[in-house]
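Asks: Sequence and computational prediction follow.
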Amino acid sequence: MAANSYEQLLVDLGSAFRPQREWVDRRGVLLISGHFLTGVGSGTWLFSLLFHYRLGLFLSFLAVALGGVAHFLFLGHPERFWRMVKVRHSWIGRGFMGMSLFIPFSFLYLLPSYVPGLPWDESGVLGRIFLVLSLLGMAILFAYKGNVYAASKGIPFWNSPLLPVLYIAYALRGGVALILLSLPFTGSTVRPEQAAVIELWIAVSAGVFILFYLGVMANSNVATRQSVRDLTRGRVSGSFYLGTVLIGLVIPILLGGLGYLSPLSQDILAAVGLFSLVGDFFAKYTIAKAGVYMPLVPVAEVNK
């Protein structure tokens, strides 16, 4: 394994455009999974509060907690995790702070629903404090994921103020998708048609925005144009078109559009949620994999 990694590094160093591999290959999938789960969990917390959806709140806590575990396992030396807590200068540190706020305080907010007789409840002063702190953690997690990539100046494809907005859109979409996926398993009071309209609107918005993002990036510097080529017709294009576009956008939009012709069953809505979540994971995976470092020496621009 080490020999293969060394050989791959030599190949990459000999390339004009060296692909980013640390945050996507091998253990890098854990980091992408962590970003995906914390984004989905944050969006689910927000919409579950709006819909008064008890199961969604629990699923939100579970998703963010699993995302925290994935982040922890990604570290080469997990026992040194405390060294990354530099909130003033690092989005990684801010993300850790967001998880540190959300996980315990969302747990404490939900606990009275499952353990009767506690000295606080959701509507009391202490419960409201826990809720506010969980919302603060949620807001930080919304902002964290895209900004941790956008702060990487050595990879121009990520270094854009548009990327955090795109990641927030996918976090919101993932939240609705997880709610839709869970509907058949509970006697929910959530109105399926309401959730379906929100999911359809966010899916269309995310599709438009990712096209806008690629359009802007395609007219940027040479390294960014290479990333767009890799994503749309190169080494990442298979995952992009199959996972992000077909599974994540086209199928959910088509299924959601059926709601204008006939009422949607909860099973169909669950399928919309499942396809959306798979597509959201692929969106984060392909954006991470398409990142290439700025060339160390000038290169001739091709395929402009």
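Replies: Arrived safely. Numbering: from 1, shown residues only.
Asks: okay, now residue 132: neighbour count?
Replies: By other CB atoms under 10 Å, 12 other residues sit near residue 132. Backbone N, C-alpha and C define where each C-beta goes, glycine included.
Asks: ok, then the element right after whatever helix or strand it lives in?
Replies: Take DSSP states H and E as the rule and residue 132 turns out to sit in helix 125-150. Proceeding N to C from helix 125-150, the next assigned helix or strand is helix 162-182, under DSSP H and E.
Asks: And the residue nearest the centre of this protein?
Replies: residue 36 (3.5 Å; CA atoms, centre = their mean).
Asks: Apart from its neighbours in sequence, what residue is nearest it?
Replies: Spatially, and ignoring its direct neighbours in sequence, residue 36 is nearest to residue 281 (4.9 Å; CB to CB, 6 or more residues apart in numbering).
Asks: So for the helix or strand where the one you found lies, what gets flagged as buried?
Replies: Here residue 281 is covered by helix 266-289, with elements defined by DSSP H and E. Neighbour counts using 16 or more other CB atoms under 10 Å place 266, 268-289 of helix 266-289 among the buried residues.
Asks: Next, the angle helix 162-182 makes with that helix.
Replies: Counting by axes from the mean of the first three to the mean of the last three CA atoms, to 10 degrees, helix 266-289 lies at 150 degrees to helix 162-182.
Asks: Show me what helix 266-289 packs onto, helices and strands only.
Replies: Applying 3 or more CB pairs under 8 Å, 6 or more residues apart in numbering; DSSP states H and E, one finds that helix 266-289 makes contact with helix 28-51, helix 125-150, helix 162-182, helix 192-217, helix 222-233, helix 237-239, helix 251-257.
Asks: Nearest residue to residue 153 in space, please, no chain neighbours.
Replies: In space, residue 153 comes closest to residue 159 once its chain neighbours are excluded; the distance is 5.3 Å by CB to CB, 6+ apart.
Asks: Just the residues contacting stretch 210-230, thanks.
Replies: 17, 19, 155-157, 160, 162-163, 166, 231-232, 236-237, 244, 283, 289-295, 299, 301, 303-304 (CB atoms under 8 Å, 6 or more residues apart in numbering).
Asks: Buried residues, it. List them.
Replies: 210, 213-214, 217, 222-230.
Asks: What does the pLDDT read for the residue nearest to the centre of the chain?
Replies: You'll see residue 36 listed with a pLDDT of 95.
Asks: so how far is residue 151 from it?
Replies: 19 Å (CB to CB, to the nearest Å).
Asks: ok, residue 185 - how many residues close by?
Replies: As a measure of burial, residue 185 has 10 neighbours, counting by other CB under 10 Å.
Asks: okay if I get the helices and strands packed on helix 266-289 as TSV plus distance to residue 58?
Replies: Shown next, in TSV, are the helices and strands packed on helix 266-289 (distance: least, CB to CB, whole Å):
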stretch	distance to residue 58
helix 28-51	9
helix 125-150	13
helix 162-182	10
helix 192-217	17
helix 222-233	36
helix 237-239	31
helix 251-257	24
